[in-house]
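Sequence first, predicted coordinates after that:
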Amino acid sequence: MLRPLWSLESLYVYRLWTENVVRNANKLPNHLHHKTHNLGYVKLDGRVIYTGKWATPECKGTYERLIAEWLINGKHLPSTAAKEDIYSIANLVAEFKNHAKGWYRHSDGTPTNEIVNINIALRPLEELYGSTPARDFGPTQLKALRGHLLYSPNRKRKSNGLCRNVINQRISIVKRMFRWGVEEGKVPPDLYHGLTAVRMLVAGRTSAPETEPVKPVSEAHALAVLPHVSPHIAAMIQLQWWTGMRPSEVTTMRMRDIDMTASQWIYRPVLHKTAHFGKKRTIALGARAREVLRPFICLDREAYLFSVEKSQAARRAIERANRKQTRLSPWQIERDAARRRAPKEKLNNYYNTVDYRQAIVRGCEKAGVPPWSPNQLRHSAATRIRKEFGLEAARVVLGHTSALTTSIYAEIDEMKAQEVMEKCG
């Protein structure tokens, strides 16, 4: 007996599927609300189109006009409306952010800090020119945006405007977005060429405040912090002091990245600043660095040496050992049981650079020394190596391609210059 090709269950599922397809085909795209910027928008042809300020007659009218044009054109946007009349700065910003999420990533797929910088830099652009057509944005608008950054309040530094380096960095990100728009055919090519004519702010020729150059931290201030931080933070500080590695390189150290076969250990970080250029980073670990690392060596090759979870567990063990044993009341017993039943906070497998810097700042406050950052440890190592072994040795240790970059990190030995001039001048 022949079996039927379609069972009753299969026919029923097929009927539900076809009804759902027809129902979705007849459904109009919704008018959505962007709560962050209080703007209305609609998604047509895979494109986000902003309709103006939410809950206004103009916003509703723009939405109805777009839907009418979309239906008349066979449920597709007209080419002129999609590319010229409707494509705004907000559309360009949204698409560039989606591109940045996939582009600015490490080799393991984790996003880089550049995504945060892009979001911060493009936020004022959206606020000022979000509804402006992208083709109408030129050098005059870019200079107006730069002036807005120049006089906008800076809460972190308690000043009336951002510093010159930060303004130049954010303006360069805006230019980078328009260059990407030209590459993708979203904006005219002459638009980006006009924006490149806007020069960056020059030191001494602008009212923007200047940032102080990063100075090396003294050995006394670095040693004073060690007793006031956790063993993991103290070990990272000492490693940076002896090797001059970057903060991101010391926080992501893993057992599989360290070659211990020879007498001198070699650390090859997978995630580093120049990895996307195809360059490899090699850090030699001397005797002092090996002594710092030995207490953190484990058998797990994938484990991070400096783990937040391990640090928290060690701190709680010390607190339990030093805690005085007292008789708890019934409500205290119930409270501790409720805390154990509650879901625990998920900790990172390794320290990020922000937590690392904050831990050092808190240690400086406890030690009573001026606050310093992890990058200053790299400057200290560069200065010390340059003084003893020369600029070329410092360049190799720090992993720089050019000695000019190393000279920025390594402070010039003024005492040596005075000694030479005393003999020659």
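Perfect, I can see it now.

residues in contact with residue 367?
If a contact means C-beta atoms under 8 Å, 6 or more residues apart in numbering, then residue 367 has 221, 224, 225, 227, 228 as its contacts. C-beta here means a position set from N, CA and C on the backbone, and glycine is covered the same way.

which one among these gets closest to residue 207?
Of all the contacts of residue 367, residue 221 has the smallest distance to residue 207: 33.3 Å, by C-beta to C-beta.

what separates the host helix or strand of the closest one from the chain centre, distance-wise?
Element membership of residue 221, judged by DSSP states H and E, is helix 219-225. Taking C-alpha atoms, centre = their mean, to the nearest Å, one finds helix 219-225 lying 29 Å from the centre of the chain it belongs to.

Same check on stretch 379-396?
Worked out by C-alpha atoms, centre = their mean, stretch 379-396 lies 29 Å from the chain centre.

Okay, buried residues for that stretch please.
Applying a neighbour-count criterion of 16 or more other C-beta atoms under 10 Å, the buried positions in stretch 379-396 are 379, 380, 381, 382, 383, 384, 385, 386, 394, 395.

The residues you listed into a markdown table, with extra columns for distance to residue 333 and secondary structure?
Listed next are those as a markdown table, based on distance: C-beta to C-beta, whole Å; DSSP: H, G, I helix; E, B strand; the rest coil:
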| residue | distance to residue 333 | secondary structure |
| --- | --- | --- |
| 379 | 52 | helix |
| 380 | 51 | helix |
| 381 | 52 | helix |
| 382 | 56 | helix |
| 383 | 57 | helix |
| 384 | 55 | helix |
| 385 | 57 | helix |
| 386 | 61 | helix |
| 394 | 60 | helix |
| 395 | 62 | helix |
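
and these as JSON lines, adding distance to residue 163 and pLDDT?
Output for those, formatted as JSON lines (distance: C-beta to C-beta, whole Å; pLDDT from 0 to 100):
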{"residue": "379", "distance to residue 163": "19", "pLDDT": "85"}
{"residue": "380", "distance to residue 163": "24", "pLDDT": "85"}
{"residue": "381", "distance to residue 163": "26", "pLDDT": "85"}
{"residue": "382", "distance to residue 163": "24", "pLDDT": "82"}
{"residue": "383", "distance to residue 163": "24", "pLDDT": "83"}
{"residue": "384", "distance to residue 163": "29", "pLDDT": "84"}
{"residue": "385", "distance to residue 163": "30", "pLDDT": "81"}
{"residue": "386", "distance to residue 163": "27", "pLDDT": "80"}
{"residue": "394", "distance to residue 163": "28", "pLDDT": "71"}
{"residue": "395", "distance to residue 163": "28", "pLDDT": "73"}
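
Alright, that wraps it up for me.
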